[in-house]
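1. Let me see the structure of the following:
(one chain, ligands or ions: 2)
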Amino acid sequence: MKAFRFLFLLPSLALLQCTAPTPIEKKEESLWRGWNKYQIKEEDSLARYGRELIERTSYYLGPNGKVARMSNGMNCQNCHLDGGTIPWGNNYSAVVSTYPKFRDRSGTVETIVKRVNDCFQRSLNGKPLDSSSREMKAILAYMHWLGDDIPKGKKPKGSGIYELKFLERAADPSKGSLVYQSKCASCHGNDGAGLPTNDGGYVNPPLWGPHSYNIGAGLYRLSRFAGFVKTNMPHLQASYQKPVLSDEEAWDVAAFVNSRPRPTMDLKNDWPKIAKKPIDHPFGPYADKFSEQQHKYGPFQPIKEYIQ
Ligand code: HEC
Ligand code: HEC
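-> Ligands and ions are numbered 1, 2, ... in the order given. Below you'll find the model as predicted:
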């Protein structure tokens with residue numbers, strides 16, 4: 001069965017173009033890609049429901065949620081593309097294989113439940129989901145269906161978010177504003193509020209403002225945002241085979257979007273060991289001599305060299 005996963009990718013090789021920006025991975029068969037959702041067995045209703053919750057989080061758990069009202073109207077899939085199955089689309093390939101694991105952000109060993117709730121509380125600026133709820137069990141069942149064949153401890157190539165090379169300069173919100181106007185605003189709006197539906201969800205999700213991810217979310221770190229948009233945005237145009245943004249555009253638009261207002265969160269319990277903060281964590285205190293400004297926008301290379 002597994003061989004089929006890659007077969008349908010072959011025709012897309014023909015789509016590779018020789019224009020800049022260049023493809024970042026040509027040997028695509030070496031990248032993990034998740035199973036198609038229609039391969040979930042009919043009788044596996046829990047995993048099916050889990051996939052549904054990832055795709056339509058807002059419908060079940062958003063501001064007008066059918067099951068509970070506990071999140072901002074975004075869907076998990078807005079950031080974990082196609083149910084978390086796309087190479088460098090912030091996929092879920094390494095979730096089951098690497099959790100439970102120790103994470104420096106909390107300073108504790110985290111289960112998948114805790115990690116899922118991190119995204120509910122930060123990326124969806126909402127409340128945690130009860131670990132005994134059918135919804136949490138369904139999300140876990142889906143994660144297992146997707147990642148059970150990955151050996152324990154392994155992270156497949158193409159998992160998570162693409163690591164973009166650092167710029168030599170600081171990322172520049174004013175340059176990023178121009179990128180935003182020409183390549184993002186048509187869908188995400190001049191005010192970053194996205195395109196809402198009339199039931200509390202979105203056709204195009206918000207990028208800043210009260211309904212967006214909060215300052216404790218992964219995307220609030222510049223490298224996460226820049227890497228995500230490099231291989232995935234503009235939506236349906238860009239992919240890792242055919243990125244649309246140059247590296248500079250990706251960093252600058254990240255700087256612009258993350259310089260806009262968004263919900264806050266109490267982060268005082270994060271990073272109990274300050275020396276473990278990621279280079280681009282934008283809030284001090286730090287174990288090094290660099291400013292919050294430089295930790296937020298770069299240049300990051302000098303920080304990296306200082307820490308090593
Ligand atoms: C606004 C964007 C966004 C949304 C919406 C979002 N996430 Fe995330 N999620 C992230 C980012 C960013 C990461 C960290 C990726 C990294 O650092 O490589 C992450 C990481 C994760 C991880 C850990 C992945 C790993 O391999 O370690 C899980 C599990 C997860 N999210 C589940 C969810 C679930 C379930 C939802 C919906 C309730 C959700 N996320 C919604 C952005 C988002
Ligand atoms: C054609 C419309 C379109 C364009 C243009 C577009 N996006 Fe998106 N974007 C989307 C959609 C739709 C999603 C959600 C994808 C999904 O749910 O499958 C999304 C998701 C996102 C997300 C993660 C979810 C969130 O709201 O935080 C980010 C970040 C993002 N886009 C940034 C950008 C940036 C930066 C640009 C410009 C370089 C851009 N997008 C251009 C439609 C678009």
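
2. and the host helix or strand of Leu46, what does it pack onto?
-> Here Leu46, judged by DSSP states H and E, is contained in helix 45-55. Here helix 45-55 touches helix 57-61, helix 76-79, helix 81-84, helix 134-147, going by 3 or more C-beta pairs under 8 Å, 6 or more residues apart in numbering; DSSP states H and E. For glycine as for every other residue, the C-beta is placed from the backbone atoms N, C-alpha and C.

3. Is it possible to get JSON lines of these that adds distance to ligand 1 and mean pLDDT?
-> Output for these, formatted as JSON lines (distance: least, C-beta to the nearest ligand atom, whole Å; pLDDT from 0 to 100):
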{"stretch": "helix 57-61", "distance to ligand 1": "5", "mean pLDDT": "98"}
{"stretch": "helix 76-79", "distance to ligand 1": "3", "mean pLDDT": "98"}
{"stretch": "helix 81-84", "distance to ligand 1": "7", "mean pLDDT": "98"}
{"stretch": "helix 134-147", "distance to ligand 1": "5", "mean pLDDT": "98"}
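
4. I'd like those laid out as JSON lines, including distance to Ser174 and mean neighbour count.
-> Shown next, in JSON lines, are these (distance: least, C-beta to C-beta, whole Å; neighbours: other C-beta atoms under 10 Å):
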{"stretch": "helix 57-61", "distance to Ser174": "33", "mean neighbour count": "23"}
{"stretch": "helix 76-79", "distance to Ser174": "26", "mean neighbour count": "22"}
{"stretch": "helix 81-84", "distance to Ser174": "29", "mean neighbour count": "20"}
{"stretch": "helix 134-147", "distance to Ser174": "40", "mean neighbour count": "21"}
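
5. I'd like to know how far Asp104 sits from ligand 1.
-> Spatial separation of Asp104 from ligand 1 under the definition C-beta to the nearest ligand atom, to the nearest Å is 12 Å.

6. got the contact list for that residue?
-> Under the criterion of C-beta atoms under 8 Å, 6 or more residues apart in numbering, the contact partners of Asp104 comprise 271, 273, 276-277.

7. and which of those residues is nearest to Ser246?
-> Checking these against Ser246 with C-beta to C-beta, the nearest one is Lys277 at 28.3 Å.

8. Pull the most distant pair out of the contacts of Asp104.
-> The most widely separated members of the contacts of Asp104 are Lys273 and Lys277, with 8.3 Å between them, by C-beta to C-beta.

9. Need the residues that contact the helix holding Leu46.
-> For helix 45-55, the external contacting residues (C-beta under 8 Å, 6+ apart) are 37, 40-41, 60-61, 75-77, 80, 83-84, 134-135, 137-145.

10. Those also near ligand 2: which ones?
-> 75, 77 (C-beta under 6 Å from any ligand atom).

11. Give me the nearest residue to Ser246, chain neighbours excluded.
-> Across the structure, with C-beta to C-beta, 6 or more residues apart in numbering as the measure, the residue nearest Ser246 apart from its sequence neighbours is Pro21 (5.1 Å).

12. Contacts only, for the closest residue to Ala217 other than its chain neighbours.
-> Residue nearest to Ala217 in three dimensions, not counting chain neighbours: Arg122, with 4.1 Å by C-beta to C-beta, 6+ apart. Contact criterion C-beta under 8 Å, 6+ apart gives 213-214, 216-218, 265 as the residues in contact with Arg122.
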